[in-house]
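**Q** using only what follows, build the 3D model:
(chains A and B)
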Amino acid sequence: MKRLRRKVLGSAVVGLSGAAAFSIVAVVIVVMATIVVGGKDTISWEFLSTPPREGMTAGGILPAIVGMALRVLIMSIAGVPVGVITAVYLSEYAGAQSRLARAIRFAVNTLAGVPAIVFGLFGLGFFVQFVGSGMDTLLSDGTDLHWAQPNLLWASLTMALLTLPVVIVSVEEAIKTVPQDLRAASLALGATKWQTIWHVVLPNSLTGILTGGILAVSRGAGEVAPILFTGAAYFLPRLPGSLSDQFMELGYHVYIMATQSTNVDATIGIQYATTLVLLTITFMLNFSAIFLRSRVRSRQMR
Amino acid sequence: MTTTKTENTKIAIRDLNLHYGSKQALSNISMDIAPKNVTALIGPSGCGKSTFLRTLNRMNELIDNVRIDGSVRIDNVEIYDKQVDVVELRKRIGMIFQKSNPFPKSIFDNVAYGPRINGIHDRKRLEEIVETTLKRAAIWDEVKNDLGKSALALSGGQQQRLCIARALAVDPEILLMDEPASALDPIATAKIEELIYELKQSYTIVIVTHNMQQAARVSDFTAFFYMGELIEMDSTKTMFTAPTKKQTEDYITGRFG
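**A** Got it, this is the predicted structure:
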């Protein structure tokens, strides 16, 4: 009797956990299949290389792709160095008991938990209305509105803030994997702490730093909320030419076509295809991060 | 403070104490280390010999909560003085670690690391230094055709000799070796010992070793540490044949440790 119960319980657990695992895979397959099936007829070279036409019911998504690429590029240029420097401070300079380091870690964890929309509002309040109007006042006596409006720069900086925790945490992990022996060898040769960091620690965690950067980019690429108020444009067929231009963006493009278009039915194919492009880019970024990380791991094994 | 005879003393240690937090790791060590000789530090695990070695190039400062008092003078200059630049100090003192730790760079770049951080970038000059030091570390013939190859591809013994070459490349006066052969097989160990014998013509060498035979083979002086104290120090011959302290005799004859 007891044995039977144990047996039933055992197979129930196997069955349930198997079903749970399978349902995850199933969801991915269903989502991917829906998107691929819905978008495959719309995807073409023309779709990728031309701006939208006819009230966004036809044409392509080139400005949205370029907008996302630029946003991600500026975000990385602004965010990754700050993240790397913070991680270097935390792991190399701050002592284990340091109050400042603990405060920074607490701030990083808090930042990681802040909802994306809050970052968007912060970007609007801080970058657009405070920094932007400050710049306008300084540069043109506040007569014309140039920086005090949503644009590519403010959206990218807001994104950089959002992804900063990802960069800091993964770079710190990468720096920790550099063996203490190597630091000691460098210091014993009369290298300064900074020379040791520059010539030994950073080169040996380069792949980890890249992984962190890519993860941050892929995290940022999928977010729409932070750029809603800080720079994304509803429709802008021309490509952004300067940092103070607004821009189109893949995720936002899907959102407005699904909710704001005058002819939603006509845009369905475009919605699927845009989502497919967005997902493909994000997946490619994630896979390259995984690839780099596995290379780091295999190097450590040696 | 005791005045020291400079001609016969490279490093003079007086009343050295070291605490890790509240735990005392070294108590009242006083010792004179002779120039161009090999001084071996022996004693059971945890007796403080490695800690002592690291006080000589101030590597203990990398650990949190270390407190050091007392005096260490090299060529009659107090190395714990505030004016002393620890970076300059470490350039004069090479260190070889228990586990060979070449940088994951080419053989050439490993040896050239020290000269480069000292501002030598002229390729010809670097090539000269690399060749001389690899020869001095008795590894030139084995690697001269593979200078561009990763140092990690070398065997353990070769890596350790490469690390010695790397330390020699900054032209130190003193070499500190922390059990340099404990991870090596007997043949590689013999090569390192031979090398130590060669190097003492030009360098003052302090070596920590677990291996009594090794201490007897390579050193001119031997110091026996126990529980953070220097029990006895004398010429190696005297230490191994007629030690004055019973603890030393017990340890050397293998009765404990």
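
**Q** which parts of the helix or strand harbouring residue A:23 are buried?
**A** If you go by DSSP states H and E, residue A:23 is part of helix A:2-39. Within helix A:2-39, the residues that count as buried by 16 or more other Cβ atoms under 10 Å in any protein chain shown are A:35, A:36, A:38, A:39. The C-beta positions use only the backbone N, C-alpha and C, and glycine is treated the same way.

**Q** where does chain A have low pLDDT?
**A** Regions of chain A meeting the criterion pLDDT under 70 cover residues A:142, A:296-302.

**Q** close to chain B: what parts of it are there?
**A** Along chain A, the residues adjacent to chain B under the rule Cβ under 8 Å from any Cβ of the partner chain are A:95-97, A:179, A:181-182, A:184-192, A:195, A:199-200, A:204, A:299, A:302.

**Q** if we use 6 Å, what do you get?
**A** Residues of chain A lying near chain B by Cβ under 6 Å from any Cβ of the partner chain: A:95, A:181, A:182, A:185, A:188, A:189, A:190, A:191, A:192, A:195.

**Q** list the helices and strands the helix holding residue A:23 packs on?
**A** Under the contact definition 3 or more Cβ pairs under 6 Å, 6 or more residues apart in numbering or on different chains; DSSP states H and E, helix A:2-39 sits against helix A:264-301.

**Q** so for stretch B:80-89, what gets flagged as buried?
**A** Applying 16+ other Cβ under 10 Å to stretch B:80-89 flags B:80, B:86, B:87, B:89 as buried.

**Q** taking those together, which two end up most distant?
**A** Within the buried residues of stretch B:80-89, B:80 and B:87 form the most distant pair, 14.8 Å apart (Cβ to Cβ).

**Q** returning to what we had before: between the buried residues of stretch B:80-89, which sits nearest chain A?
**A** Nearest to chain A among the buried residues of stretch B:80-89: residue B:87, at 5.4 Å, using Cβ to the nearest Cβ.

**Q** residue B:178 contacts residue B:100, correct?
**A** No - using Cβ atoms under 6 Å, residue B:178 is not in contact with residue B:100; the gap is 11.3 Å.

**Q** the two: which has the busier surroundings?
**A** residue B:100 (24 against 20; other Cβ atoms under 10 Å in any protein chain shown).

**Q** so how far is residue B:230 from the more buried one?
**A** According to Cβ to Cβ, to the nearest Å, residue B:100 stands 28 Å off from residue B:230.

**Q** look at the spatially most central residue of chain B and give its secondary structure.
**A** The centre of chain B sits closest to residue B:176, judged by Cα atoms, centre = their mean, with a distance of 1.2 Å. What DSSP: H, G, I helix; E, B strand; the rest coil gives for residue B:176 is strand.

**Q** which residues of chain B lie near chain A?
**A** Within reach of chain A by Cβ under 6 Å from any Cβ, chain B has these residues: B:64, B:87, B:90, B:91, B:95, B:101, B:114, B:117, B:170.

**Q** if you set the cut-off to 7 Å instead, what comes out?
**A** Contact residues (Cβ under 7 Å from any Cβ of the partner chain) of chain B with chain A: B:57, B:59, B:62, B:64, B:87, B:90-91, B:95, B:97, B:99, B:101, B:103-104, B:113-114, B:117, B:152, B:166-167, B:170.

**Q** tell me the residue of the stretch 1-150 of chain B that sits nearest chain A?
**A** For the stretch 1-150 of chain B, Cβ to the nearest Cβ, closest residue to chain A: residue B:91, 3.3 Å.

**Q** quick check: that residue touching residue A:190?
**A** Yes - with contact defined as Cβ atoms under 7 Å, residue B:91 reaches residue A:190; the gap is 3.3 Å.

**Q** overlap of the contact sets of the two?
**A** residue B:170 (Cβ atoms under 7 Å, 6 or more residues apart in numbering or on different chains).

**Q** residue boundaries of the strands in the stretch 151-257 of chain B?
**A** For the stretch 151-257 of chain B, the strands defined by DSSP state E, counting those that start in this stretch cover B:174-178, B:204-208, B:221-226, B:229-235.

**Q** compare the ones you listed and give me the one nearest residue B:24.
**A** Closest to residue B:24 of the strands of the stretch 151-257 of chain B is strand B:229-235 (Cβ to Cβ; 9.9 Å).

**Q** now for the closest one, which elements pack on it?
**A** Applying 3 or more Cβ pairs under 7 Å, 6 or more residues apart in numbering or on different chains; DSSP states H and E, we find strand B:229-235 packed against strand B:23-33, strand B:221-226, helix B:246-252.

**Q** kindly reformat those as a markdown table containing distance to residue A:53, mean neighbour count and mean pLDDT.
**A** As requested, these are exported to a markdown table (distance: least, Cβ to Cβ, whole Å; neighbours: other Cβ atoms under 10 Å in any protein chain shown; pLDDT from 0 to 100):
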| stretch | distance to residue A:53 | mean neighbour count | mean pLDDT |
| --- | --- | --- | --- |
| strand B:23-33 | 77 | 18 | 93 |
| strand B:221-226 | 84 | 25 | 94 |
| helix B:246-252 | 90 | 17 | 89 |
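
**Q** in a markdown table: those, plus distance to residue A:2.
**A** Shown next, in a markdown table, are the helices and strands packed on strand B:229-235 (distance: least, Cβ to Cβ, whole Å):
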| stretch | distance to residue A:2 |
| --- | --- |
| strand B:23-33 | 55 |
| strand B:221-226 | 61 |
| helix B:246-252 | 62 |
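
**Q** want to try JSON lines for the strands of the stretch 151-257 of chain B, with distance to residue A:273 as columns?
**A** Output for the strands of the stretch 151-257 of chain B, formatted as JSON lines (distance: least, Cβ to Cβ, whole Å):
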{"stretch": "strand B:174-178", "distance to residue A:273": "64"}
{"stretch": "strand B:204-208", "distance to residue A:273": "68"}
{"stretch": "strand B:221-226", "distance to residue A:273": "75"}
{"stretch": "strand B:229-235", "distance to residue A:273": "79"}
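
**Q** between those strands, which one is nearest to residue A:10?
**A** Nearest to residue A:10, of all the strands of the stretch 151-257 of chain B, is strand B:174-178, at 54.3 Å by Cβ to Cβ.

**Q** how much distance is there from that closest one to the middle of the chain?
**A** 1 Å (Cα atoms, centre = their mean, to the nearest Å).

**Q** just the closest residue of the stretch 101-250 of chain A to chain B, please.
**A** Nearest residue of the stretch 101-250 of chain A to chain B: residue A:190, at 3.3 Å (Cβ to the nearest Cβ).

**Q** compute the number of surrounding residues for that residue.
**A** Other residues within reach of residue A:190, judged by other Cβ under 10 Å, total 23.

**Q** mind listing what it touches?
**A** Residues near residue A:190 by Cβ under 7 Å, 6+ apart: B:87, B:90, B:91, B:114, B:170.

**Q** let me see the contact set for residue B:78.
**A** residue B:71.

**Q** need the pLDDT of it.
**A** If you check residue B:78, the pLDDT there is 92.

**Q** quick one: the helices in chain B, in order.
**A** B:49-55, B:86-91, B:107-117, B:123-136, B:140-143, B:156-168, B:186-199, B:212-218, B:236-241, B:246-252 (DSSP state H).

**Q** and of those, who's closest to residue B:32?
**A** Minimum separation from residue B:32 across the helices of chain B (Cβ to Cβ) falls at helix B:49-55, 13.8 Å.

**Q** mind checking the end-to-end distance for stretch B:195-215?
**A** Stretch B:195-215 has its terminal residues 14 Å apart, counting by Cα to Cα, to the nearest Å.
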